[in-house]
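**Q** coords please:
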Amino acid sequence: MAKKRIRIDMEDADGARYDIKLEGNVTREKVLKIFEMMDLMNIEEEQDPTNMDSVGTKIWYVVDKFFPIGKFTTTNILEKYEDEFNEPIKLSIISTYLARFSSKGRVDRVRTGREWTYQTIKLSQKQR
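**A** Sure, this is the predicted structure:
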């Protein structure tokens, strides 16, 4: 079996750089410990300014901002989208993008009566 190798390069808000290398028997638990250490040091992922040039990006922004947990419908997204971006959008366009997000595993899609109900899928860590 080949050795696993993971390298993590980081920079904190003060400009300090960190270079972490894991080699050999790299397990999920070891990687999670690294992320816990980063959390203790208050190092976060660098947030790129969101590029809002496509409809899909705007819809995902609304989903992520207003519905990070809990269920929502296409109508909920329509209302928040029009409030957030001050531009009209058709319900069918939102439905199409949410169906695509579902097929990509970004949201869970369940038929509730005559409409679809969605919920974002978040990766969860194993609780100790």
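**Q** Can you list the residue ranges for helices in the protein?
**A** Here the chain has its helices, by DSSP state H, at 28-40, 55-66, 74-85, 91-103.
**Q** so which of these gets nearest Thr112?
**A** Across the helices of the chain, the minimum distance to Thr112, taken as C-beta to C-beta, is reached by helix 74-85, at 11.8 Å. Just so you know, the C-beta spots here come from the backbone N, C-alpha and C atoms, and that holds for glycine as well.
**Q** In contact with the residue nearest to Lys21 when sequence neighbours are not counted: list those residues for me.
**A** Spatial nearest neighbour of Lys21, chain neighbours left out: Arg7 (5.1 Å); criterion: C-beta to C-beta, 6 or more residues apart in numbering. Neighbour list for Arg7: 19-22 [criterion: C-beta atoms under 8 Å, 6 or more residues apart in numbering].
**Q** okay if I get the residues you listed as CSV plus distance to Ile59 and pLDDT?
**A** Converted to CSV, these look like this (distance: C-beta to C-beta, whole Å; pLDDT from 0 to 100):
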residue, distance to Ile59, pLDDT
Asp19, 37, 83
Ile20, 35, 84
Lys21, 39, 85
Leu22, 37, 84
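**Q** No more questions from me, cheers.
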